[in-house]
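Asker: pasting the sequence and the predicted coordinates here, then a few questions.
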Amino acid sequence: MAKHLFSQRFFFRCVKFVLALLLLPVLIGLVNAFWRFLSAHGKVSLSEIWFISGFFIFPVIYYLQVLPGHIYVFGHEITHAMWVYLFKGKIKKISVSSSSGSVLTTKNNFLISLAPYFFPFYTFLIILIFYLLALIFDVAIWINWLFFFVGFTYSFHILLTLDVLMSEQSDIEDTGRFFSWVIILILNISVTSVIIKFVEPDVINLREFFSYALRFSGKTYNTIMQYLLQKL
């Protein structure tokens with residue numbers, strides 16, 4: 001039985017490794033599209049200045065080590081829980097401490113496992129709270145502060161994600177490190193593009209962005225295939 005489970009796990013790891021290799025051109029296409037659209041961007045708007053200010057203020061607070069560890073761990077585990085519900089699973093138990101946490105669920109897949117590494121929980125929470133308040137109050141005068149805290153919380157997501165990825169994480173190890181990194185990078189670039197679109201709509205046309213990324217990915221696939229055929 002144990003040998004069968006080991007063989008099955010090894011098989012799925014091999015499949016994920018091959019899938020990650022096949023997804024590399026998609027990642028390359030997204031990186032190229034992201035750089036192309038940002039490099040073509042002209043004058044920085046006021047909303048972007050507030051966003052950038054929040055983004056670069058957080059690292060100062062982070063390195064001063066004044067934030068309780070519970071904040072990241074709570075967001076991490078709640079994100080797992082949210083994605084469990086998204087896939088119609090159930091939560092049996094959630095535990096959170098300053099250094100670690102866990103979620104006991106009835107369902108798991110690679111998106112549930114990796115969700116905290118590409119889904120910026122606090123960023124979307126800030127946006128949700130702002131628009132809920134907008135239903136009751138006139139919050140238009142605070143719109144720049146929304147962009148500031150979107151930048152602040154997204155910096156929190158990026159920096160803390162990089163920090164925890166430098167250590168051994170069971171989510172990553174169970175899913176496969178190479179496969180996890182490829183998926184995390186693809187989805188983080190996609191989410192970053194959506195957030196930039198939210199902050200300053202004129203920077204990125206999402207349809208053009210993803211279309212260009214797919215076209216570039218297709219060209220990359222074609223180049224690789226031609227190279228391999230020449231070597232055969």
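Answerer: Happy to help now that I have it.

Asker: quick one: the helices in this protein, in order.
Answerer: Counting by DSSP state H, the chain forms helices over residues 2-39, 46-64, 69-86, 110-118, 121-134, 143-165, 170-175, 177-199, 206-231, given from the N-terminal end onward.

Asker: nearest to Ser100 among those would be which one?
Answerer: Put simply, out of the helices of the chain the one that sits nearest Ser100 is helix 69-86, at 6.6 Å, with distance taken as C-beta to C-beta. No exception for glycine: its C-beta is placed from N, CA and C like everyone else's.

Asker: for the closest one, which outside residues touch it?
Answerer: Among residues not part of helix 69-86, those counted as contacts by C-beta atoms under 8 Å, 6 or more residues apart in numbering are 90-91, 94-103, 105-108, 111-113, 115-116, 119, 121-122, 156, 160, 164.

Asker: got the CA positions of that helix in PDB?
Answerer: C-alpha atoms of helix 69-86 as PDB (Å, rounded to 0.1, in the frame of the first residue of the first chain):
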ATOM      1  CA  GLY A  69       3.400  37.700  13.000                       C
ATOM      2  CA  HIS A  70      -0.300  36.900  13.500                       C
ATOM      3  CA  ILE A  71      -1.300  39.300  10.700                       C
ATOM      4  CA  TYR A  72       0.400  37.400   7.900                       C
ATOM      5  CA  VAL A  73      -0.500  33.900   9.200                       C
ATOM      6  CA  PHE A  74      -4.100  34.900   9.700                       C
ATOM      7  CA  GLY A  75      -4.300  36.200   6.100                       C
ATOM      8  CA  HIS A  76      -2.500  33.100   4.800                       C
ATOM      9  CA  GLU A  77      -4.900  30.700   6.500                       C
ATOM     10  CA  ILE A  78      -8.100  32.700   5.700                       C
ATOM     11  CA  THR A  79      -7.000  32.700   2.000                       C
ATOM     12  CA  HIS A  80      -6.700  28.900   2.100                       C
ATOM     13  CA  ALA A  81     -10.200  28.800   3.700                       C
ATOM     14  CA  MET A  82     -11.700  31.100   1.100                       C
ATOM     15  CA  TRP A  83     -10.400  29.000  -1.800                       C
ATOM     16  CA  VAL A  84     -11.700  25.800  -0.100                       C
ATOM     17  CA  TYR A  85     -15.200  27.400  -0.100                       C
ATOM     18  CA  LEU A  86     -14.700  28.500  -3.700                       C
END
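
Asker: between it and helix 110-118, how many degrees?
Answerer: Following axes from the mean of the first three to the mean of the last three C-alpha atoms, to 10 degrees, one obtains 150 degrees for the angle between helix 69-86 and helix 110-118.

Asker: and Lys93, how many residues sit next to it?
Answerer: Other residues near Lys93 come to 8 when the count uses other C-beta atoms under 10 Å.

Asker: dump the helices of the chain to a markdown table, plus mean pLDDT and mean neighbour count.
Answerer: Output for the helices of the chain, formatted as a markdown table (pLDDT from 0 to 100; neighbours: other C-beta atoms under 10 Å):
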| stretch | mean pLDDT | mean neighbour count |
| --- | --- | --- |
| helix 2-39 | 82 | 14 |
| helix 46-64 | 93 | 16 |
| helix 69-86 | 88 | 19 |
| helix 110-118 | 92 | 21 |
| helix 121-134 | 94 | 16 |
| helix 143-165 | 94 | 20 |
| helix 170-175 | 82 | 16 |
| helix 177-199 | 94 | 18 |
| helix 206-231 | 89 | 13 |
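
Asker: please consider this matter closed, and thank you.
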